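Peer 1: got a predicted structure here, sequence first:
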Amino acid sequence: MKSLLLIIVCGLFSPLFSQIFDLERQVSSIPFFDINGNPIDLPLSGGLNTPVIQLVDIDDDQDPDLFVQDRADQLIFLRNVGTSEQYEFEWVTDRFANIAVGDWFKFADVDRDNDQDLFAESPFGIIRYYRNDGTAANANYVLAADSLRDVNGDIIQVDGLSIPEWSDIDCDGDLELFLGRQTGRITLYELDGFDQNDIPQYSLFTDFFAGITILTGGGKRSAASEDPRHGANSLSLIDIDADGDQDIFWGDFFAESVILLENFGTCEAHSFDMNQIIEEFPVDDPLISGGFNVPRFADIDSDGDADMFIGILGGVASFIADRVENIYFYENIGDSANFDFQLRTRQLVPSIDIGQNTIPQLVDIDNDNDYDLFLANQEDLDAPDVLNSRVYFFENRGTALAPAFYMADSHYLEWDQRLHVNYAPSFVDLDNDQDFDLILGRWDGKTSYFRNDGTGSSADFVLIAENYPTDTTAIDIGNNSTPFFVDIDNDDDLDVFFGEFTGNINFYRNVGSATNPLFELDTTHFADIDIGDYSYPFFVDVDNDQDYDLIVGSDTSGMRFYRNIGTVTSPNYVQEFNTGLPRDLRSSPNFVDIDGDGDLDLFTGSSGGGLAYFMNRQVVSIDDDVREPVIATEINLLSNYPNPFNPQTTIAWEATIDARELGGYHSLTIYDILGRKIRSWQFSNNQLQIRNTVIWDARNSAGESVDSGVYFYQLSFNKSAALASGKMVLVK
């Protein structure tokens, strides 16, 4: 039985689906400077790992804007606000037109109306078509086809992880469709026109275009096998030598560089000589990476020739460096007929980027009344054998109201240990001597303890225990330890919570003292929280009721909010939904009032190796018109039984007083895991019994059977806040 003692007080609780935060993402509002004191243009864009890119003039202002897909379904849009000769990118959104682009995208004016249509991936390997029904200056994208098909009605399939290309290979004004295959060959579909819904219709022309076969970077075979090795690929067709026909650039999973196949024929008669392909491009200074390089072209400086941009996805080698320096810009200093590409930058989008899977901590380490920043990564580019994490220190040389962060140290602890990856720093006064000590969570589930033997204003960290507290009694939560210290039971000493890879939260209670802590395992499943993978707990008093609420970050499902509806000494956590927290970042939340305006702003690490910042515009409370005063009472919400269940389960709650004095009504509502209402029951309060039940038969309000999965049930009274919730699992 799960018994929740609930005291109903007007305005004490927020509704289950109330918005708590009003967060606005900011990319450049806080100044950041690199180790040399140079400003970082887009410091808080989150970093990039595997960027699929394209430059296209989306607003018809005669300069190319930048689009980047780095995480499934997200399309980042950076507007070019510079001049036609000198680009300057301004972050606009990471959800362009609210379109889910899957693992790749491509703009192309396929209907020849002088604006950019959009093709995107629908898992797995299906092509979605978004038609631009707006204009060249004001795009308006409509999903015209969720699966591109040929003239026979068959779905056109893209090979796994490959990226298709649209190009006018025969100079007839139509854009043909090219698919690089894992056989090393190219499939060509010709455009046959448009159907009655203005959707392009393609017919298969050949599965062996121009006799081209690319194997392992240019016809090579694996030394260990007679079978040719080949992988994912990306094509880009452009007339690079201004001879009137389309040449082919090929990026391949097994190729460390970009392959150029020059067309020695014409539009009408293509001719690609396999003996004259260029396997490493540019010739004089070839790009060398971990593989799978995606070439794109645009005239960024308006000099009449195409410059080259390459997104590094990381192929067979997948260097750690590719996770930091992964959008190369080569300026063409030749002309349209005689190209000469010179490398200008390996990081077209300048941001804080220290690799992958970053975790931040903000703390006033120098006691100057403003927050400094520490940032740890999964593996560091400069570490020996690149098999350990490092901690970066950004000193706040601004103020508490106007921060300005300078990278002061890229190897803060000067401590490299092989296989010590995925650092999760937690600063806490562990020995109660009025300065911050440092606990480092690690990939192996253990933690390291660095005691601050300096002062509150001048830290000096000394390693006390590589595996805290000792090697023989080390705390070990299994994998990906993410510690957070908080006095959860209000007994004047710090307890500790550990997130972990499986998505649970481990709670160790301090049974020692504030000066000599002794942590004893209380539970490995605190509050029955399970977010699926990579939990990162952060405790903070969101609603100013003098107890700690809980925000939990995750790998794939964003952040979840759990309100403490218990007390300062006996917490009780209930999940709330639609809270305004981001749902699309690998998140390690840190809430601090960074600008001194009295509300909690959000910093979080990212899978891209950087830092994201969300300014909190305000904390939203319950509107007066949805609250009614109610008297104090005690209600016990019981666990549904059975759980898991099929085909039905019983949900029960008990009232310990005559609740008819409440007046009005009470309701029980079921929601799915996305927060959508499935079914609801409403009862008059004068019908409330000592024991009350509802039997749910796994059907929605329309009488339709629902799918297997996790569901939540919520008990509410009148128009007051949700009292309590439970979780149940339907198994069919």
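Peer 2: All right, it came through fine. Residues are numbered from 1 along each chain as shown.

Peer 1: show me what secondary structure element comes after the least confident helix or strand in the chain by mean pLDDT.
Peer 2: Lowest on mean pLDDT, DSSP states H and E among the helices and strands of the chain sits strand 635-637, with a mean of 68. On the C-terminal side of strand 635-637, the closest following helix or strand by DSSP states H and E is strand 649-655.

Peer 1: for that following strand, packing partners?
Peer 2: Packing partners of strand 649-655 (3 or more CB pairs under 8 Å, 6 or more residues apart in numbering; DSSP states H and E): strand 635-637, strand 691-696. C-beta coordinates here come from the backbone N, C-alpha and C atoms, glycine included.

Peer 1: pull out the buried positions in the last one.
Peer 2: The neighbour-count criterion (16 or more other CB atoms under 10 Å) identifies 692, 694, 696 as the buried residues of strand 691-696.

Peer 1: same question, stretch 445-453
Peer 2: Buried residues in stretch 445-453, counting neighbours by 16+ other CB under 10 Å, are found at 445-452.

Peer 1: can you put those residues in a markdown table and add distance to L401 and secondary structure?
Peer 2: As requested, the buried residues of stretch 445-453 are arranged in a markdown table below (distance: CB to CB, whole Å; DSSP: H, G, I helix; E, B strand; the rest coil):
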| residue | distance to L401 | secondary structure |
| --- | --- | --- |
| G445 | 40 | coil |
| K446 | 39 | coil |
| T447 | 34 | strand |
| S448 | 35 | strand |
| Y449 | 34 | strand |
| F450 | 31 | strand |
| R451 | 32 | strand |
| N452 | 27 | strand |
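
Peer 1: relative to D429, which of those residues is nearest.
Peer 2: Comparing the buried residues of stretch 445-453 against D429 with CB to CB places N452 closest, at 8.3 Å.

Peer 1: verify the stated contact: the closest one with D437.
Peer 2: Yes - applying CB atoms under 8 Å, one finds N452 in contact with D437, separated by 4.9 Å.

Peer 1: joint contacts of the two?
Peer 2: Residues touching both N452 and D437 by CB atoms under 8 Å, 6 or more residues apart in numbering: F461.

Peer 1: SS state for A321?
Peer 2: Classification of A321 by DSSP: H, G, I helix; E, B strand; the rest coil places it in helix.

Peer 1: how about the nearest residue to it, chain neighbours excluded?
Peer 2: Nearest-residue entry for A321: L381, 5.8 Å, with adjacent residues in sequence omitted and distances by CB to CB, 6 or more residues apart in numbering.

Peer 1: give me the number of residues near the nearest residue in space to G173 that is not next to it in sequence?
Peer 2: With sequence-adjacent residues excluded and distances taken as CB to CB, 6+ apart, G173 is closest to R112, at 6.7 Å. The number of residues packed near R112 is 11, by other CB atoms under 10 Å.

Peer 1: what distance do you get for R112 to L175?
Peer 2: Separation of R112 from L175 (CB to CB, to the nearest Å): 8 Å.

Peer 1: how about V101?
Peer 2: Per CB to CB, V101 is found 19 Å from L175.

Peer 1: more neighbours: those two, which one.
Peer 2: Between V101 and L175, V101 has the larger neighbour count (other CB under 10 Å), namely 24 against 20.

Peer 1: need the contact list for the nearest residue to the more buried one once chain neighbours are set aside.
Peer 2: Counting by CB to CB, 6+ apart, V101 lies nearest to A120, which is 3.9 Å off, once chain neighbours are set aside. Residues counted as contacts of A120 (CB under 8 Å, 6+ apart) are 75, 99-102, 104-106, 127-128, 130.

Peer 1: show the pLDDT at A120.
Peer 2: pLDDT recorded at A120 is 97.

Peer 1: helix or strand for it, which one?
Peer 2: Here A120 is assigned to strand 117-122, by DSSP H and E.

Peer 1: give the buried residues for that strand.
Peer 2: 117-122.

Peer 1: strand partners (parallel or antiparallel) of it?
Peer 2: In the sheet, strand 117-122 lines up against strand 105-108 (antiparallel), strand 126-132 (antiparallel) (DSSP bridges).

Peer 1: can you give the contact residues for the shortest one?
Peer 2: Yep, that's strand 105-108 we're talking about. Outside strand 105-108, the residues that touch it by CB under 8 Å, 6+ apart are 52, 54, 56, 58, 67, 69, 75, 116-121, 163-166, 175.

Peer 1: try the longest one
Peer 2: Identification of contacts with strand 126-132 by CB under 8 Å, 6+ apart yields 97, 99, 102, 110-111, 113, 115-122, 139-148, 155-158, 164, 198-200.

Peer 1: state the next helix or strand along the chain beyond it.
Peer 2: Next along from strand 126-132, by DSSP H and E: strand 141-145.

Peer 1: please, where are all the strands along the stretch 351-500 of the chain?
Peer 2: Secondary structure of the stretch 351-500 of the chain (DSSP state E, counting those that start in this stretch): strands at 359-363, 372-376, 391-396, 405-409, 424-428, 437-441, 447-452, 461-465, 482-486, 495-499.

Peer 1: do the same with the stretch 551-700 of the chain
Peer 2: According to DSSP E, counting those that start in this stretch, the strands that the stretch 551-700 of the chain contains are 560-564, 573-576, 589-592, 601-605, 611-619, 635-637, 649-655, 665-672, 677-684, 691-696.

Peer 1: what do you get for the stretch 51-200 of the chain?
Peer 2: Remark: strands assigned in the stretch 51-200 of the chain by DSSP E, counting those that start in this stretch are 52-56, 65-69, 76-80, 89-93, 105-108, 117-122, 126-132, 141-145, 165-167, 176-180, 186-194, 200-206.

Peer 1: and the third one, what does it pack onto?
Peer 2: Just to be clear, that refers to strand 76-80. strand 65-69, strand 89-93.

Peer 1: which residues of the stretch 151-300 of the chain fall in helices?
Peer 2: Read by DSSP state H, counting those that start in this stretch, the stretch 151-300 of the chain holds no helices at all.

Peer 1: so, low pLDDT: which residues of it?
Peer 2: By pLDDT under 70, the low-scoring segments of the stretch 151-300 of the chain are 216-230.

Peer 1: per-residue confidence for the residue nearest the centre of the chain?
Peer 2: Centroid-nearest residue in the chain, with CA atoms, centre = their mean: L585, separated by 2.5 Å. Per-residue pLDDT puts L585 at 76.

Peer 1: does it really touch G47, like I thought?
Peer 2: No - the pair L585 / G47 is not scored as a contact, 10.9 Å apart, by CB under 8 Å.

Peer 1: shared neighbours, these two?
Peer 2: S606.

Peer 1: so which of the helices and strands packed on strand 76-80 is the most packed in?
Peer 2: With neighbours defined as mean count of other CB atoms under 10 Å, these peak in mean count at strand 65-69, which reaches a mean of 24.

Peer 1: still on that earlier bit, so which of the helices and strands packed on strand 76-80 is nearest I278?
Peer 2: Comparing the helices and strands packed on strand 76-80 by CB to CB, strand 65-69 comes nearest, at 26.5 Å.
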